[in-house]
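# Here is the input, now give the coordinates:
(one chain, ligands or ions: 1)
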Amino acid sequence: MSSQEHIVIVGGGASGLAAAVFCARMLGGERVLVLEKGPRVGKKLLATGNGTCNLSNIHAAKPYYHGDDPSFVTAALEKFSPQDAIAFFENIGVSCTVRDNGRVYPRCEQAGAVLDCLRLTLAELGVTVRCDTAVTDIVKNGDGFLVKTATDTIAADRVLLAVGGAAAPALGGSAEGYRLATPHRKTPLFPSIVQVKTDTAFVKAMKGLRIDAAVSFVKDGTTLATHTGEVLFTEYGLSGPAVMQISRVAGQWERRKQGTLTAVLDLLPDLSRDDVMGELRARRALGRRGEDFLTGLLNKRIGQTVCRAAGVPLAEVTDGLSDRQLRAVCDTIKGFAFPVFGTQGFGGAQVTAGGIATDEVDPNTMESCLIKGLYILGEALDIDGDCGGFNLQWAWSSAYAAACAVGGAR
Ligand SMILES: Cc1cc2nc3c(=O)[nH]c(=O)nc-3n(C[C@H](O)[C@H](O)[C@H](O)COP(=O)(O)OP(=O)(O)OC[C@H]3O[C@@H](n4cnc5c(N)ncnc54)[C@H](O)[C@@H]3O)c2cc1C
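Numbering: from 1, shown residues only. Below is the predicted model of the structure:
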C-alpha cells in the first residue's frame with residue numbers, strides 16, 4: 001500500500017471537483033484525494049453550455065428530473081439549492097447571472113472560468129488531484145477501502161464515486177465507471193439531450209436552417225412530449241434546443257423500437273389553422289408560382305419544401321389551387337411529420353438516462369445501502385435532468401449531500 005488517504009474521490013468532473021471542495025472545507029484538504037482517469041480534470045465541464053457553462057437553474061426541482069424515482073433528487077436539492085450553488089460559485093470567484101427560463105451562467109460566459117475557480121480553490125485548500133489515474137477496482141477492506149489503479153493501491157476511509165455517465169465519450173464519458181459500483185444494480189442506459197435521426201427525404205433540403213417551431217414526439221398516435229423553441233434541420237434529422245429538450249423520449253423508444261415514433265413540427269405555432277388557411281387563400285389570390293407560394297410566410301427554402309411535401313408543384317402558378325390542396329399545405333405547416341429512426345447515440349448526447357439504481361442509495365447522503373462508506377454522485381446515478389442547467393445542479397447537490405455525510409461522520 002503506497003499511501004493512506006481518508007477520502008478518495010474517483011472522477012474529477014463536475015460532481016467530483018465540487019465534492020472535493022466541500023470535503024476539504026469540512027475535513028481539511030490534506031485528507032482529500034481526487035483521482036481522474038483523463039489527462040486533465042473537468043473536460044466535460046469545459047464543453048457545457050457551448051463553452052459558457054449553464055451551471056444551474058433556479059427552478060431545479062423534481063419535475064425537471066427523470067429516472068425510475070425522480071423524487072430521489074428532492075433531499076439533496078433542498079440541502080444544496082440553486083441559490084446555494086450561486087452563493088458557492090460567487091464565493092469561489094465565479095460571478096453568476098440568471099438568464100431566460102431561470103438558467104444560471106457565469107457572468108463572463110466562460111466554462112473555463114468555472115473550472116479554473118474550482119481548480120484554484122482545490123489548490124488553495126491543499127487537495128491533491130492526480131490525473132492520468134484510472135481507478136480499476138474498489139475493494140472493501142475492513143471499515144475502509146482499497147482503491148486500485150494500474151500502478152497503485154490506495155487505502156481510503158470513504159470513497160466518493162463520481163465517474164459520470166456514458167454520454168459524450170469524446171469528453172471522457174464511459175459506461176466503464178458503473179462497474180466500480182458492483183454489486184449495485186444498473187438501470188438500462190440510453191442517451192438524452194441528444195440529436196434525433198429522422199427520415200431525411202425532406203429534412204435534407206432544409207439542412208442548416210434554424211426556425212422557431214413547436215416540436216412533438218408522437219408514438220402510434222399518442223403525443224409523448226412537446227416543446228416550443230429553436231429547431232435545427234440537419235443532414236441526418238433534427239437538432240436544436242427544442243428537439244434536444246424532449247429527445248429523452250426518442251432515446252427511450254430507440255431501446256426497443258416498439259411502435260412507430262414520429263417528430264411532428266408545427267412551423268407556425270402562434271397561428272391557428274384558421275389563421276393559416278386565411279393566409280393561404282390570400283396567397284392563392286396572388287397567383288405566384290409554387291416556388292414562391294409561401295415566400296414571406298416561411299423561410300423560402302422551408303416554404304418550398306412544405307409545398308413539395310404537400311404535393312404543390314413548384315413550377316406552376318398557384319391561383320388554381322383547390323381548397324383541398326390548401327388544406328394539405330396547411331396540414332404540413334401545422335404538422336410536418338418526420339418518421340424517427342433513432343438518436344445520434346451517446347456520442348451526441350449531453351446526458352445519460354439510466355444508471356446506478358437509486359433505490360439502493362440513500363437520497364439524504366448518497367451513501368450506498370449495500371456498501372457502507374461508498375457514496376455515489378452525479379450522472380452515474382439513475383437521474384438525468386432536462387436541458388437548462390439541471391444536470392450540473394444535480395452534480396453540485398449530490399456532491400454536497402455526500403460531503404456533508406462524510407464530513408459529519410468525522
Ligand atoms: C456537450 C455537453 C454540454 C453540456 N452542457 C450542460 C449545461 O450547460 N448544463 C448542465 O447542467 N449540464 C450540461 N451537460 C451535462 C453535464 O456536463 C453532466 O451532467 C455533468 O458533467 C455530470 O457530472 P459528473 O461529475 O457526474 O460527471 P462528469 O462531469 O462526466 O465527470 C466524471 C469524471 O470521472 C472521470 N472518470 C470516469 N471513470 C473514471 C475512473 N475509472 N477513474 C478515474 N476517473 C474516472 C471522467 O474522466 C470524468 O472526468 C452537458 C454535457 C455535455 C456532454
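
# buried residues in stretch 338-346?
Neighbour-count burial for stretch 338-346 flags 338, 340-346 (criterion: 16 or more other Cβ atoms under 10 Å). Heads up, the C-betas are built off the backbone N, CA and C, glycines and all.

# what's the spacing between residue 126 and the ligand?
21 Å (Cβ to the nearest ligand atom, to the nearest Å).

# Not counting sequence-adjacent ones, nearest residue to that residue?
residue 29 (3.3 Å; Cβ to Cβ, 6 or more residues apart in numbering).

# helix or strand for residue 104, which one?
In this assignment (DSSP states H and E), residue 104 forms part of strand 103-106.

# which one of the buried residues of stretch 338-346 sits closest to the ligand?
residue 346 (9.6 Å; Cβ to the nearest ligand atom).

# Now the element after the strand holding residue 104, going C-ward?
helix 111-125.

# List the contacts of the next helix-or-strand element following that next one.
Sequence-wise, the next helix or strand downstream of helix 111-125 (DSSP H and E) is strand 128-130. Contacts with strand 128-130, where a contact means Cβ atoms under 8 Å, 6 or more residues apart in numbering, come from 12, 20, 32-36, 41, 119, 122.

# I only care about those residues that end up buried; give me the ChimeraX line for that.
Buried residues among these (16+ other Cβ under 10 Å), as a ChimeraX selection:
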select :12,20,32,33,34,35,36,41,119,122
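
# same for the ligand: which of the contacts of strand 128-130 are within range?
Residues of the contacts of strand 128-130 in contact with the ligand (Cβ under 6 Å from any ligand atom): 12, 35-36.

# Tabulate those residues (JSON lines), appending pLDDT.
Formatted as JSON lines, these follow (pLDDT from 0 to 100):
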{"residue": "12", "pLDDT": "98"}
{"residue": "35", "pLDDT": "98"}
{"residue": "36", "pLDDT": "98"}
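
# For the closest residue to the ligand within the stretch 301-410 of the chain, which non-adjacent residue is closest in space?
Here the residue of the stretch 301-410 of the chain nearest the ligand is residue 378; by Cβ to the nearest ligand atom that distance is 2.3 Å. Distance criterion Cβ to Cβ, 6+ apart; nearest residue to residue 378, sequence neighbours excluded, is residue 15 at 3.3 Å.

# The one you found: helix or strand, and which one exactly?
Applying DSSP H and E, one finds residue 15 within helix 14-27.

# elements contacting that helix?
For helix 14-27, the elements it packs on are strand 3-10, strand 32-35, helix 43-47, helix 111-125, strand 153-161, helix 390-408, judged by 3 or more Cβ pairs under 8 Å, 6 or more residues apart in numbering; DSSP states H and E.

# which residue sits closest to the residue of the chain found nearest the ligand in space, ignoring its chain neighbours?
The nearest approach of the chain to the ligand comes at residue 13, 1.7 Å away (Cβ to the nearest ligand atom). Among residues not flanking residue 13 along the chain, residue 164 sits closest, at 5.1 Å (Cβ to Cβ, 6+ apart).

# So residue 102 versus residue 59, what's the distance?
Relative to residue 59, residue 102 is positioned 4 Å away (Cβ to Cβ, to the nearest Å).

# Spell out which residues are contacts of both of those two.
Common neighbours of residue 102 and residue 59 (criterion: Cβ under 8 Å, 6+ apart): residue 82.

# For residue 250, which residues are in contact?
Here residue 250 is in contact with 194, 196, 217, 261, 263, 340, 342-343 (criterion: Cβ under 8 Å, 6+ apart).

# Using the three-state scheme, assign residue 332.
Here residue 332 takes the helix state, with states given by DSSP: H, G, I helix; E, B strand; the rest coil.

# Let me know the pLDDT of it.
Looking at residue 332, its pLDDT reads 98.

# can you count the residues close to it?
22 (other Cβ atoms under 10 Å).

# Surely the residue of the stretch 301-410 of the chain closest to the ligand touches residue 393?
No: at 10.7 Å, residue 378 does not count as touching residue 393 under the criterion of Cβ atoms under 8 Å.

# ok, residues contacting the top strand by length along the chain?
For the chain, the strand with the greatest residue count under DSSP state E is strand 222-233. For strand 222-233, the surrounding residues in contact (Cβ under 8 Å, 6+ apart) are 203, 206-218, 238-243, 245-246, 248-249, 261, 265, 269.

# related to what we said a few turns ago, what residues are up against the residue nearest to residue 126?
By Cβ under 8 Å, 6+ apart, residue 29 lies in contact with 122, 125-127.

# most remote residue from the chain's center?
Largest separation from the mean C-alpha position in the chain: residue 320, at 48.6 Å (Cα atoms, centre = their mean).

# Could you list the domains of this structure?
Domain segmentation of the chain under automatic domain parsing yields 3-187+354-408, 195-343.

# Would you mind finding the most buried of these?
domain 3-187+354-408 (a mean of 20; mean count of other Cβ atoms under 10 Å).

# Relative to the whole chain's centre, how far out is that domain?
Relative to its chain's centre, domain 3-187+354-408 lies at 15 Å (Cα atoms, centre = their mean, to the nearest Å).

# ok, which stretches of the stretch 151-300 of the chain are helices?
241-245, 248-256, 273-286, 300-309 (DSSP state H, counting those that start in this stretch).

# Residues contacting the last one, please?
For helix 300-309, the surrounding residues in contact (Cβ under 8 Å, 6+ apart) are 202, 205-206, 209, 211, 267, 290-295, 297-298, 313-314, 329, 332-333, 336.

# can you state the direction angle for that helix and helix 273-286?
Relative orientation of helix 300-309 and helix 273-286, computed by axes from the mean of the first three to the mean of the last three Cα atoms, to 10 degrees: 90 degrees.

# quick one: helix 300-309 to strand 222-233, angle?
Using the same axes, to 10 degrees: helix 300-309 against strand 222-233 is 130 degrees.

# partners of the residue lying closest to residue 341 once chain neighbours are set aside in the sheet?
Counting by Cβ to Cβ, 6+ apart, residue 341 lies nearest to residue 197, which is 4.4 Å off, once chain neighbours are set aside. Bridge pairing for residue 197 (DSSP bridges) gives the partners residue 237, residue 342.

# For residue 24, see how far away residue 197 is.
44 Å.
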